[in-house]
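Enquirer: Task: produce atomic coordinates for the following.
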Amino acid sequence: MLKVPLVSLGNTGLKVSKLGFGTVDFGVPLNLSPEEGGRILMESYKLGTNFWDSSDDYGSHPHIASALKLVPRKEVIVSTKTSAKSGEEARKCLKSSLKELDTDYIDIFLLHYVKSDWIYGCRRVLKELNEIKTTGIVRAIGLSTHSVTVVREASQFEEVDVIMTICCKASQALIRKLGDNFPLEDGSIREMFQAIKLAHSSGKGVVAMKVLGGRISGPAPPLARNYQSSIRSIANLDFVDAMVIGMRSLNEVKKNVKVILAG
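Expert: Residues are numbered from 1 along each chain as shown. Coordinates of the predicted model:
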């Protein structure tokens, strides 16, 4: 059986599936039990999706913890995030996340939704987190952002291993039309692509998010309706290592895996 290919994530030494499983909907939107979410993640692992993404505010840590009991821990890459604004707070959040995930280490630990007005403050926190890497509790650190400025600046930060950012094939006019569904903080999508290229050439692991747009209620936006072309266009970029897509069911996983394999 064909599986999602594994790729090198920048210079981290980590091998992640080209398609990452975003667990943002496991918590409040779906209210899945940890056991049910764990089974979906386990089945996605069988299809080759070994990259699971969460955050300390998603409510999905228990689901990942459940799944980690069903698969070999060393074969899964777990990413989570924190909105901490200080080194001390980040350490506390890391400790809490380790407990909730019921694991001895976290593969990727990111500062969540870093805005352009906090880029240098976030670097101070990253410097402190960088010291933790030597203990093995965290294997790679970095940030997630919706900002072109942050991607451009962070690409030059030696402390940053991974950058997760907005990346999709959509016109600027469509992005403006999508509004909150696609909250690009600054710059254009073309400028974001240039910033991502810079980050990738600097050895950062680049993970695309919002490939299908953000969460909404009501009819699916164009990027989600045309999910095959939306996913394929990002999967074929040589300056993006992997993508994380929020998935709600095993059926969605299978559909998205099929697109990746066809590409």
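
Enquirer: For the stretch 151-263 of the chain, which segments count as helices?
Expert: Using DSSP state H, counting those that start in this stretch, the helices of the stretch 151-263 of the chain run over 172-178, 189-201, 222-225, 227-235, 250-262.

Enquirer: For Leu14, find the nearest of these.
Expert: With C-beta to C-beta, the closest approach to Leu14 among those belongs to helix 189-201: 15.0 Å. Every C-beta, even on glycine, is put in place using the N, C-alpha and C of the backbone.

Enquirer: What segments of the stretch 101-250 of the chain are strands?
Expert: Along the stretch 101-250 of the chain, the stretches classed as strands by DSSP state E, counting those that start in this stretch are 106-111, 138-145, 162-166, 205-209, 242-246.

Enquirer: give me the low-pLDDT residue ranges for the chain?
Expert: For the chain, the stretches with pLDDT under 70 are 181, 215-219.

Enquirer: still on that earlier bit, TSV for the helices of the stretch 151-263 of the chain, including mean neighbour count and distance to Val7?
Expert: Formatted as TSV, these follow (neighbours: other C-beta atoms under 10 Å; distance: least, C-beta to C-beta, whole Å):
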stretch	mean neighbour count	distance to Val7
helix 172-178	15	26
helix 189-201	18	12
helix 222-225	17	22
helix 227-235	18	10
helix 250-262	17	11
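
Enquirer: Ok, which of those helices comes nearest Ser8?
Expert: That would be helix 189-201 among those, by C-beta to C-beta, at 11.4 Å.

Enquirer: could you say what helices and strands the closest one packs with?
Expert: If you count contacts as 3 or more C-beta pairs under 8 Å, 6 or more residues apart in numbering; DSSP states H and E, helix 189-201 packs onto helix 148-154, strand 162-166, helix 172-178, strand 205-209.

Enquirer: Burial-wise, tell me which of those comes out on top.
Expert: Among these, strand 162-166 has the highest mean neighbour count (mean count of other C-beta atoms under 10 Å), at a mean of 26.

Enquirer: Just checking: what are the partner strands of it?
Expert: When pairing is defined by DSSP bridges, strand 162-166 lines up against strand 138-145 (parallel), strand 205-209 (parallel).

Enquirer: Which residues are in contact with Val76?
Expert: 45, 50-52, 67-68, 107 (C-beta atoms under 8 Å, 6 or more residues apart in numbering).

Enquirer: what are the phi and psi angles of Gly136?
Expert: phi 90, psi 0 (degrees, to the nearest 10).

Enquirer: what's the closest of the helices and strands packed on helix 189-201 to Gly136?
Expert: When the helices and strands packed on helix 189-201 are compared by C-beta to C-beta, strand 162-166 sits nearest Gly136, at 16.9 Å.

Enquirer: quick one, which of the helices and strands packed on helix 189-201 is nearest to Leu94?
Expert: Comparing those by their distance to Leu94 (C-beta to C-beta), the top pick is strand 162-166, with 15.3 Å.
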